[in-house]
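**Student:** Need a 3D model of the sequence below.
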Amino acid sequence: MLLTALLAVCCASGALATAVPFIKPCPIDDSPCILKAANAALPKFAQGRPEMGIEPLEPMYIKRMVNDNAGLKLTFTDNYIKGMSTCTISNLKSEILSKKSHTLTFKCPSIVIDGDYRIDGQLLLLTIQGHGKFKIDLRDVILKVTTQLGKVTGADGKQHFNIESWKNSFKVQTSAHFDFENLFNGNEVIAKSILEFMNTNWKDVLAEAGEPIHKAITGKAVEVAQKLYNYSSDDELYVL
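**Tutor:** Just a heads-up that it's a prediction; the model follows:
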């Protein structure tokens, strides 16, 4: 199921019929009920919810993802992320009453990202530079997201949940495959050697350069969840 829709649904899985009619009401900290309701409602969110300002979510579009540290400058632009509709929730913990937080763990069999890249610097002690089209294929991804919640008064005068902060962890279990066109200004001999090295050492490559990808994906998910919170007040979203 689509990651951003999953997070949004889990945030709304206590909704009353007048707010989000396709979601079964659940008590605010009843994690098993929320998990079941979320999976049942996902297709509605994946289609997009114009009334909430949520666009269709497959493929996911992210304008820019940047890794800029002392040794490596890497920018991805006009990114299309496909395969998010294969994600499912493997675990959910709703602790809004006790800790003001939601924690969700997602399993995604396949995530494919393509777009334009520009890279210059040191990657795993190797000099690398180039620009052009890229494709990254990730297999068996585990993504864990925790959101910390507060409340604000909405334009309707009611209390609405507000995501004050979030954190995530990201792990690729099976493999990652990288394809970057026009490395070293089209020098195919050097490019082939570098790509072979990257694909052999994919875990190390992701550890050093993968953060902008999973941070951007998680950020998009949080953005969708916040749109849902903006749309519905707390007593419309949960059985309080």
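**Student:** can you give me the helices for the protein?
**Tutor:** Taking DSSP state H as the test, the helices found in the chain are 3-12, 31-46, 96-99, 188-200, 202-209, 211-231, 234-237.
**Student:** now the second one against helix 211-231, angle please.
**Tutor:** Using axes from the mean of the first three to the mean of the last three CA atoms, to 10 degrees, the inter-axis angle of helix 31-46 relative to helix 211-231 is 90 degrees.
**Student:** and helix 31-46, what does it pack onto?
**Tutor:** With contacts defined as 3 or more CB pairs under 8 Å, 6 or more residues apart in numbering; DSSP states H and E, helix 31-46 has these neighbours: helix 3-12, strand 88-95. C-betas here are computed from N, CA, C, even on glycine.
**Student:** just the last one next, same as before
**Tutor:** Applying 3+ CB pairs under 8 Å, 6+ apart, we find helix 234-237 packed against strand 159-180.
**Student:** Could you list everything the spatially closest residue to residue 146 that is not a sequence neighbour pairs with in the sheet?
**Tutor:** Nearest residue to residue 146, sequence neighbours excluded (CB to CB, 6 or more residues apart in numbering): residue 103, at 4.4 Å. When bridges are taken as DSSP bridges, the partners of residue 103 come out as residue 93, residue 146.
**Student:** So what's the residue count around residue 103?
**Tutor:** Counted by other CB atoms under 10 Å, the residues lying close to residue 103 total 17.
**Student:** Identify the residues contacting it.
**Tutor:** 91, 92, 93, 95, 144, 145, 146 (CB atoms under 8 Å, 6 or more residues apart in numbering).
**Student:** per-residue confidence for the residue of the chain positioned farthest from its centre?
**Tutor:** Distance to the chain centre peaks in the chain at residue 189, reaching 35.1 Å (criterion: CA atoms, centre = their mean). As predicted, residue 189 sits at a pLDDT of 95.
**Student:** do the one 10 residues further on as well
**Tutor:** Looking at residue 199, its pLDDT is 98.
**Student:** what's the answer for residue 209, then?
**Tutor:** pLDDT, the model's per-residue confidence, is 93 for residue 209.
**Student:** How many neighbouring residues does it have?
**Tutor:** Applying other CB under 10 Å, we find 20 other residues in the vicinity of residue 209.
**Student:** For it, give its distance to residue 109.
**Tutor:** 23 Å (CB to CB, to the nearest Å).
**Student:** before we move on, what about residue 160?
**Tutor:** Remark: distance between residue 160 and residue 109 (CB to CB) = 35 Å.
**Student:** quick one: which of these two has more around it?
**Tutor:** The residue with more neighbours, out of residue 160 and residue 109, is residue 160; 21 against 13, by other CB under 10 Å.
**Student:** so what's that one closest to, chain neighbours aside?
**Tutor:** Closest to residue 160 by CB to CB, 6+ apart is residue 154, at 4.3 Å.
**Student:** you'd agree that neighbour is up against residue 234?
**Tutor:** No. In terms of CB atoms under 8 Å, residue 154 does not count as a neighbour of residue 234; the distance is 9.6 Å.
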